[in-house]
Every structure is written in structure tokens, then in C-alpha cells.
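**Student:** Predicted model and sequence below, questions to follow.
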Amino acid sequence: MLGTGHIVVVDLGFGDAGKGATVDWLCAPEAGLDVAAVVRFNGGAQAAHNVVADGRHHTFAQFGAGTFHGVPTLLSRHMLVEPIALAAESGQLAALGVRDPLGLLAVDGRALLTTPIHIAANRAREDARGSSRHGSCGRGIGETAWYALEHDAPTVADCRTPGVLRATLDRLAAHYDELIGPSAHGYESIDALVAMYSDFARAVRITDGGELARTAARGRLVFEGAQGVLLDEWRGFHPHTTWSTVEPRHARAMVAGIGGTATVLGVTRTYMTRHGAGPLPTEAPLGNPEPHNGTGPYQGAFRQGHLDPILLRYAVDVCGGIDGLVVNHLDVPGTLCAAAAYDTEAGTVTDLIPGRWGDLGHQQRLTDQLSEATPILEPVDGDPADWLARRLGVPVVLTGHGPDRRDRTVRLEPRLSIGSANNPPVGADRDVATAEQPA
């Protein structure tokens, strides 16, 4: 179905579109894709990729969503690794019948370490913002990325050298003392953290930059993205974004670095959702049941809205194009509507124009535009998946008609590509920084 190249899975919305179910299906033996590993290429422990299959349900955070099939996970250097949560997730998977989950894991030593210090700082900062919160999972992701921009931040490799790790944790704690000290949040002692991370280093395989090529030599790779493109740190609607590059440039660069090719699949659903603060132009009380989504203390309320091809076209554009669509939630009953245009103070808007990569001023202007936009709705005629394929100009590869693996249906063959003139593969190093405080 998908040729012989690697596969990159990205969410075209604000997250929660069904990446986990998609990756689980791609890794299933019945898909016939012979997947050698799932590579996590962004995000961290805040991911929540739900898989329901064979009477089991798990919300994958750091493990790849192919784990039920025994497919190994590689946490790339672009991941923010939280070992304490990883150990807890391993225990949950073992209880569901996965044999030796940590034995399925390889972690790039260059990946940043998210610690309880980052988590406490994240929550203290969001508490201080009050009603002006940016929106956060409260898992320390923004603090991990922001601190590393200007400081010698702890990495996974440091867990193997307790002396180095202790020094970096001491500096981290001193940096955040003024923020965390007066707050309601705390963390374990540095001694306890060093001991836990030393145990982590003995329990998992910490590897190097050559691991990707070694793994690819054994078969196909599935690159599993976290969150959604509309939350991307440089392409999302500032400041209600994540500190992570969600669009597939890092995955494309990794594939190019090993001389491979990749198919990029964009995942969406038949209506829009997002957690917490930020624009959602088509927001409406749809009342669609979401058993795996709810209000979080830092994320805020789970919101729903009508389908929005304007936002989805923007997501496809900032991805540099995609090769196939995965459309989920086709089992949702009722009449579907979609945004044909937005009514704004400046006139009728039918498309969002991407700015220069890294231009947060442009992203803030898009946020302002979307925040006051009123959608002009039209009915979705016929099959919503076919309707989206026409609107976005991308073939539908896979559809989901329910939460279970058995609810997937194969559609068309996607185009194959590795980049585009608008967004070619680039190196992973960020070349733009922001003075904004982390979310």
C-alpha cells in the first residue's frame, strides 16, 4: 500500500486526531509493512496517543504506538525524555501483556532530559499567569526546551555519569529557585534524582546518532509525531503553541540523512478540537463524546468545533505538502458542517498565508485574525473523507470509523516524496530563538 519507503505521521490539527491509532495500524502484521521501529521525532511525556485493540487500551506517551505489536521504539534526539514517567508507562504496558517494554526501547543520548524541576517550574509559571495562561500540559516541556537554549541542560547521556548529572541538576535547581520556591510546587532532592536517573541508565539502551541508520537497515521506519501542526512552535498560533517542531522537517531531515525516502501522512478528523486557550474559529457545542479527552488542570477545557479546511490547508502548506490523508472519527453521527470562509474586520478570508519560518510576529497576527473571525459554514456533502480529499487536494489513504484497530479501512495509494520547494528537508538545529517565556 505504501511502497517501500519510510512513513512519517503528523497531526494536521491541534492534536488528538488519531496518530496513535494510525501508527498502531501501520505496525500491525495485517498491514504487511514490516516495520522495524517507531521513531518518536518530537514532543515528550505530554503526548497522549490512544490505542484500543484486542481488548486493551493504552495512552501512549513516550513509547511508540506500535508497542502492542512488539515493534521497538527509538526516542530520537528531538524528543524530551522524562524517565520517571517512562518507567511508569513501562509498568502499565507490562500489566497489559507487553513483555519487557524497556527492552524494546532505545534512546538517543543527545535527547534533553525533562526533570521534576522543569515540571515544577512549568506549573509555577502557568499559575502565575492566571487568566492569561498560554495553555500547557503542565509536564515541563516548554521549560525543558527554553532552558536548553541558554544553558548547559541535562541530557539522557548524562544519566550514565552521576557526577556530570549532579552538576547540571544543581545548576538547574539554582536557576529555578526564585520561581519554584514561593510556589505550591516542589520536587525530589538532587540525590534522589541522581539515583533514579542512574537506575534509568542501567535499564534502557542509550545510543548515538548512528542508531537510526542501523535500525533502518533492518526494515521500514514509522516516524510518529506528537501534538498537532497547528501547535507548532514556529508555525502555530503564537503564543498558544508548544515548544516543539511538530511539522515534519526534523523527520524529513533524519530520513534524508540516512539516504531514504518517506511518505508523509497527515492525520485529521471530521471535526476540530483543541485543549485550552487559543483560537478555534469554528468552535461550537457539538457534544461529541470524547472518552479519552477532558479538562486538565493546566491544559484547560477540551473544546470542539466544526470541520475547518482553512486551518487544515494551512497545516498542509506549512508541512511543505503531504502525500496522503488519514481521516478519523467517521463514525460521529449528525450533519457535518465546515468553514467555507471567515468573516473578519478586514473582509472575507478563505486562506491563511504562511509567513517566513520562525517569524513569530506573523504568527501573532494570524492569532489575532483567527481570534476575531466568524466562520461562514457550509454543509459537508457525501463522504467527509472524499470531501476533504477534494478540498485539500490530497488522496485519502486510511480512514477510521471507530476507536478500535478493526475500525480502520484502507483507501488509496499516496504520492511519495521527501520534501518540497516550499519546505525542503533541513538540519535539525534551530536558527531562530525567541525571548518569549515558555508555555
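**Tutor:** Good, I have the coordinates. Numbering: from 1, shown residues only.
**Student:** Listing request: residues of the protein with sub-threshold pLDDT.
**Tutor:** Applying pLDDT under 70 to the predicted model, the residue ranges of the chain that meet it are 1, 3, 130-137, 291-300, 334, 413-439.
**Student:** Tell me which residues touch residue 18, please.
**Tutor:** If you count contacts by Cβ atoms under 8 Å, 6 or more residues apart in numbering, residue 18 has them with 267, 269, 326, 328, 329, 400. From N, CA and C alone the C-beta is placed, and that goes for glycine too.
**Student:** and residue 267, how many neighbours?
**Tutor:** Counted with other Cβ atoms under 10 Å, the neighbours of residue 267 add up to 28.
**Student:** The nearest residue to residue 384 once chain neighbours are set aside and residue 388, how far apart?
**Tutor:** Nearest-residue entry for residue 384: residue 270, 4.7 Å, with adjacent residues in sequence omitted and distances by Cβ to Cβ, 6 or more residues apart in numbering. In this structure, residue 270 and residue 388 are separated by 8 Å, where distance is defined by Cβ to Cβ, to the nearest Å.
**Student:** list residues touching both of these two?
**Tutor:** The contact sets of residue 270 and residue 388 overlap at 307, 327 (Cβ under 8 Å, 6+ apart).
**Student:** so how far is residue 332 from the residue nearest the centre of the chain?
**Tutor:** When the chain is reduced to its mean C-alpha position, the closest residue under Cα atoms, centre = their mean turns out to be residue 226, at 1.4 Å. For residue 226, the distance to residue 332 equals 24 Å [Cβ to Cβ].
**Student:** re the thing from before, in space, what's closest to the residue nearest to the centre of the chain - neighbours in sequence excluded?
**Tutor:** The shortest distance from residue 226 to any non-neighbouring residue, by Cβ to Cβ, 6+ apart, is to residue 43 (2.9 Å).
**Student:** hang on, the one you found is in a helix, isn't it?
**Tutor:** No: the assignment for residue 43 by DSSP: H, G, I helix; E, B strand; the rest coil gives coil, which leaves it out of any helix.
**Student:** returning to what we had before: what are the phi and psi values for the residue nearest to residue 384?
**Tutor:** Taking degrees, to the nearest 10, you get phi -90, psi 0 for the backbone angles of residue 270.
**Student:** tally of neighbours for it?
**Tutor:** Residue 270 is surrounded by 23 other residues when neighbours are defined as other Cβ under 10 Å.
**Student:** Please report how far it lies from residue 196.
**Tutor:** According to Cβ to Cβ, residue 270 stands 43 Å off from residue 196.
**Student:** just checking, what packs against the lengthiest helix in the chain?
**Tutor:** Longest helix in the chain, counting residues (DSSP state H): helix 162-180. Under the contact criterion of 3 or more Cβ pairs under 8 Å, 6 or more residues apart in numbering; DSSP states H and E, helix 162-180 touches helix 116-129, helix 141-150, helix 190-203.
**Student:** for the protein, what spans make up the helices?
**Tutor:** Chain-ordered helices for the chain, with DSSP H as the definition, fall at 19-27, 83-95, 116-129, 141-150, 162-180, 190-203, 211-216, 249-257, 309-318, 360-371, 384-392.
**Student:** Now residue 98: closest residue in space that isn't a chain neighbour?
**Tutor:** residue 67 (5.9 Å).
**Student:** I figured the one you found hits residue 102, correct?
**Tutor:** No: using Cβ atoms under 8 Å as the test, residue 67 is too far from residue 102 to be in contact (11.0 Å).
**Student:** Looking at these two, which one has more neighbours?
**Tutor:** Legend: neighbour count by other Cβ under 10 Å for residue 67 and residue 102, higher for residue 67 (25 against 17).
**Student:** That one and residue 13, how far apart?
**Tutor:** Using Cβ to Cβ, one gets 24 Å for the distance from residue 67 to residue 13.
**Student:** Over to residue 103?
**Tutor:** From residue 103 over to residue 13 the distance is 34 Å, taken as Cβ to Cβ.
**Student:** swap in residue 360?
**Tutor:** Taking Cβ to Cβ as the criterion, residue 360 is separated from residue 13 by 21 Å.
**Student:** Mind checking which of the two has more residues around it?
**Tutor:** More neighbours surround residue 13 than the other of residue 360 and residue 13, with 24 against 18 (other Cβ under 10 Å).
**Student:** Residue 391 - nearest residue in space that isn't next to it in sequence?
**Tutor:** Distances taken as Cβ to Cβ, 6+ apart place residue 309 nearest to residue 391, at 4.4 Å, with adjacent residues excluded.
**Student:** That neighbour - how many residues pack around it?
**Tutor:** Applying other Cβ under 10 Å, we find 21 other residues in the vicinity of residue 309.
**Student:** One more: residue 177?
**Tutor:** Applying other Cβ under 10 Å, we find 12 residues neighbouring residue 177.
**Student:** Relative to residue 72, how far out is the residue lying closest to residue 312 once chain neighbours are set aside?
**Tutor:** In space, residue 312 comes closest to residue 12 once its chain neighbours are excluded; the distance is 5.3 Å by Cβ to Cβ, 6+ apart. For residue 12, the distance to residue 72 under the criterion Cβ to Cβ works out to 27 Å.
**Student:** ok, these two, which is more surrounded?
**Tutor:** Between residue 12 and residue 72, counted using other Cβ under 10 Å, residue 12 has the larger neighbour count: 29 against 20.
**Student:** The more buried one contacts residue 229, correct?
**Tutor:** Yes: the criterion here is Cβ under 8 Å, and residue 12 meets it with residue 229 at 5.5 Å.
**Student:** who touches both of those two?
**Tutor:** Counting by Cβ under 8 Å, 6+ apart, the shared contacts of residue 12 and residue 229 are 266, 315, 319.
**Student:** tell me the phi and psi of the last one?
**Tutor:** Here is the backbone geometry of residue 319 (degrees, to the nearest 10): phi -80, psi -10.
**Student:** Just give me the neighbour total for it.
**Tutor:** Residues contacting residue 319 under the criterion other Cβ under 10 Å number 24.
**Student:** Apart from its chain neighbours, what residue comes closest to it?
**Tutor:** Sequence neighbours aside, residue 247 is the residue nearest to residue 319 in space, at 4.8 Å (criterion: Cβ to Cβ, 6+ apart).
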